[in-house]
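A.B. asks: got a sequence here, can you build the structure:
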Amino acid sequence: MSKIYFLDDRDPPWFPNPSLCDQEGLVAVSETLGTERLILAYQSGIFPWLKMGEYPLWHWFSPDPRFLLFPKEFKISRTLKKAIKDEIFQIKIDHNFREVMKACANSRRPKDEGTWIEEDMVVDYEKLHCLGISHSIEAYHEEKLVGGLYGLCIGQSFFGESMFYKMPEASKACLAKLVQLALEHKFHFIDCQVPTPHLEKMGATAIPRESFLEKLKVSNSESPKISPWNKII
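C.D. replies: Take a look at the predicted model:
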C-alpha cells in the first residue's frame, strides 16, 4: 500500500503525485473539502469520496484504471432513443443544481450502501456552481424533476460525480444531452471515475491511470468553451 497523506487545512492546497499510488488510488485524507482543494484535485486527476472512520475524514482517490466515456463512443439504446424522440422529458441545464445533488444523495445505492454526498459536500459544490465550474443536467416530466446528473467542467472535459432517476431513462436522457454538448464543444472525455455495468453498456471504457493523466494534461491546457451553461438550449 502506498503512503497516504493528511492534507492540513492550514497549508496551501496540494496533492501528492497520483502516479505514485497503488491501484486502489487512495492518495490523501482531509477534514474538509474546500473549493480551491476541489479544483486542484480534479486538475490533478483526483476526486473526493467517502467520509468515514471514528473521526470522519474525506478520502481522495485516483484509481487505476480510470473509467472514461469518450463522446464519440456513446451507445444509445432503443428505449432511450424512443424516449428522446417522443420528448418524454424536458431537459434543463443548471436550473436547480442543489436539488439534483440532494436527489443524488437520497438515491438508493447497491447493497444499501450509504451516500458519500454529505451536506458539506453539497455546500462546497454549490459554491463551485456559483463560480460556473460545477453543473447539473436535469430531466423534468410534467414539471417534476425526475432525473439528473451533476459534475464539473475543468479544462475541456467533464467530470461526472453522480446521477439519479425517478423514471426509466431519465438520467440516461441527461447523459445523452451531456454527450451532445461534449461533441458540439469538442470535450476530450467525460470522466466516470470507476467502472459500472450500465455505463459500460453505454460505451464507457477503462484506461490505465497513466494514460488518463496524459489525456487530462492536454485537457487542462485548454479553457472551457461553454459559458454560461444555463443559456444552452
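A.B. asks: contacts only, for the nearest residue to Ile88 once chain neighbours are set aside.
C.D. replies: Once flanking residues are discounted, Ile88 sits nearest to His141: 6.6 Å by CB to CB, 6 or more residues apart in numbering. Heads up, the C-betas are built off the backbone N, CA and C, glycines and all. For His141, the residues meeting the contact criterion (CB atoms under 8 Å, 6 or more residues apart in numbering) are Ile88, Phe89, Gln90, Met167, Ala170.
A.B. asks: state the number of residues packed around the fourth one.
C.D. replies: It refers to Met167. Using other CB atoms under 10 Å, the number of residues around Met167 comes to 15.
A.B. asks: and the nearest residue to it once chain neighbours are set aside, what element?
C.D. replies: With CB to CB, 6+ apart as the criterion, Met167 has its nearest non-adjacent residue at 4.3 Å, and that residue is Val146. Taking DSSP states H and E as the criterion, the element that holds Val146 is strand 144-154.
A.B. asks: quick check: buried residues in that strand?
C.D. replies: Along strand 144-154, these residues count as buried under the neighbour rule (16 or more other CB atoms under 10 Å): Leu145, Val146, Gly147, Gly148, Leu149, Tyr150, Gly151, Leu152, Cys153, Ile154.
A.B. asks: where are the low-confidence patches of the chain?
C.D. replies: 1, 52-53, 108-115, 232-233 (pLDDT under 70).
A.B. asks: how is it carved up into domains?
C.D. replies: 5-61, 66-231 (automatic domain parsing).
A.B. asks: hmm, back to that, including distance to Phe97, could the buried residues of strand 144-154 go into JSON lines?
C.D. replies: Output for those, formatted as JSON lines (distance: CB to CB, whole Å):
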{"residue": "Leu145", "distance to Phe97": "11"}
{"residue": "Val146", "distance to Phe97": "16"}
{"residue": "Gly147", "distance to Phe97": "14"}
{"residue": "Gly148", "distance to Phe97": "9"}
{"residue": "Leu149", "distance to Phe97": "11"}
{"residue": "Tyr150", "distance to Phe97": "7"}
{"residue": "Gly151", "distance to Phe97": "11"}
{"residue": "Leu152", "distance to Phe97": "11"}
{"residue": "Cys153", "distance to Phe97": "13"}
{"residue": "Ile154", "distance to Phe97": "16"}
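A.B. asks: pick the one among those residues closest to Gly203.
C.D. replies: Nearest to Gly203, judged by CB to CB, of the buried residues of strand 144-154 is Leu149 at 15.6 Å.
A.B. asks: for the nearest residue to that closest one once chain neighbours are set aside, give its distance to Thr196.
C.D. replies: For Leu149, the nearest residue in space outside its immediate sequence neighbours is Met163; the separation is 3.7 Å by CB to CB, 6+ apart. Counting by CB to CB, to the nearest Å, the gap from Met163 to Thr196 is 10 Å.
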